[in-house]
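Engineer: Sequence first, predicted model second:
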Amino acid sequence: MTAPRAVPVDPARVTALIVGVERYEAGPAWDLPGPARDAVAFWRLLRAAGVPEERLRLHLAPLPPYVPGVPYAAADHATLRRVLVRDLPQERGEVLWVWWGGHGVLDRAGQLRLFCADAGTDDKLAIGLDSALERYAGDAVPGFAEQLWVVDACETFEEALAFREPLPPDGLPVGRRNLTHRQSVLRAAGRGRAAANDPARGTGLFSEIVLALLADRAALLPAPPDAEELFPAVKTRIAALRDAGATLQYPEIRLQSPDRTEILAPAPPAPAAVAVRAPSPLNRAVAALVAYPLMHDPGERQTVVAALDPRVTATLPRHSKTRTDVAGILNRLARDRSGALWDLYDAVLALDDDPERAAELEAALREFTDAKTPSSDQK
């Protein structure tokens, strides 16, 4: 699809749109440390590969302090829409890279919306990824026959976030479809899932993995790597993080070219003869809790426990291993009928109110609570 070339790509024919949104008009509850740092790291990779600075469009909304020292433009909706609709198509380059990190949501039509810096609670301004891909796959964009899009954003279901109002329609104009573009799209989260972010280190887990893999292939840049060769390495590393309880995401790759349109499976299918058991309510609740970086720090985990009712915590089984400790806490709190599980929920959100993680934790605790509540036909 986009295999490494024998003849290097002319860096002057490469363009990149690089977006990292950490701060939103919605306020501190939406703060997301990491995307700006990751965006700058990607910018540096392409600069080191010889791409002229004027062909690297860096749009950030960083949280203070912003220290990398690279000049950037705004990441508001009007600016990014203008770049996508007017500015980029005029460059007529050969290769287009798009890197986007920030909050996202899967709307009720199944389209991924990427929130802009001026998204507020009353007007959630966003760019539709699917709409942008459609525009860049037709004659509205004469150049950029080869494109690689890397998107590190949550794909939590819109309804799971309990927005007061549904997201408004906001598509980009598209032209006539043609068969001249090749698009490879790497998406971090997977349908209905959150993309994990490490606020302490200021990076997205998916972004960190992709950046490391691109750095390993720096000799081939700025030509896009073979996406089908890159994706298995991404998938393997994310799977290791899932096994460690650090994330719930399943990255996805979509390939579209004149002779092919395919979405590669995010995980290998189970053998046909083997029934795949869905995660138990306990496993889901444990995974939702350990998705919070704070739960991996014994001190912060103890801060959460200390916020609970001492009558309950006095008999909590504790363990040095994160998952064992979390499982013991959940099982003990589930036996208490005074709402101790929801006290746990409140204590966690007091330290980390990320909306995507909160939505999954709430859903997981409800399922766990229901499973622990005897039905009417039980003794």
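Structural biologist: Yes, it's here.
Engineer: Secondary structure class of Q147, three-state.
Structural biologist: Under the three-state scheme (DSSP: H, G, I helix; E, B strand; the rest coil), Q147 adopts strand.
Engineer: in the sheet, who's paired with it?
Structural biologist: L96, Q183 (DSSP bridges).
Engineer: Same check on the one 4 residues further on?
Structural biologist: Beta-bridge partners of V151, counted by DSSP bridges, are W100, R187.
Engineer: which ones are touching it?
Structural biologist: For V151, the contacting residues are V98, W100, G101, G104, L112, L114, L129, V185, L186, R187, A188, by C-beta atoms under 8 Å, 6 or more residues apart in numbering. For glycine as for every other residue, the C-beta is placed from the backbone atoms N, C-alpha and C.
Engineer: Could you check how many residues crowd around the last one?
Structural biologist: The reference is to A188. 31 (other C-beta atoms under 10 Å).
Engineer: quick one: F157 and L106 touch, right?
Structural biologist: Yes: with contact defined as C-beta atoms under 8 Å, F157 reaches L106; the gap is 5.5 Å.
Engineer: all helices for the stretch 251-379 of the chain, in order.
Structural biologist: Using DSSP state H, counting those that start in this stretch, the helices of the stretch 251-379 of the chain run over residues 281-290, 298-306, 310-313, 322-334, 340-351, 355-372.
Engineer: elements contacting the third one?
Structural biologist: So the one you mean is helix 310-313. Packing contacts for helix 310-313, counted by 3 or more C-beta pairs under 8 Å, 6 or more residues apart in numbering; DSSP states H and E, involve no helix or strand.
Engineer: Please repeat the previous calculation with a cut-off of 10 Å.
Structural biologist: Here helix 310-313 touches helix 298-306, helix 322-334, helix 340-351, going by 3 or more C-beta pairs under 10 Å, 6 or more residues apart in numbering; DSSP states H and E.
Engineer: Now do the same for the second one: mean pLDDT, whole number.
Structural biologist: Along helix 322-334, the predicted local confidence has a mean pLDDT of 87.
Engineer: If we go by neighbour counts, what in stretch 291-299 is buried?
Structural biologist: Of all the residues in stretch 291-299, those buried under the rule 16 or more other C-beta atoms under 10 Å are A291, Y292, P293, L294, M295, H296.
Engineer: Show the end-to-end separation of it, please.
Structural biologist: End-to-end distance for stretch 291-299: 16 Å, by C-alpha to C-alpha, to the nearest Å.
Engineer: pLDDT averaged over that stretch, what's the number?
Structural biologist: 85.
Engineer: count of neighbours near R13?
Structural biologist: R13 has 16 nearby residues by other C-beta under 10 Å.
Engineer: And L63, by the same measure?
Structural biologist: 18.
Engineer: Confirm it sits in a strand?
Structural biologist: No: using three-state DSSP, the assignment for L63 is coil, not a strand.
Engineer: If anything else comes up later, I'll come back, but that's it for now.
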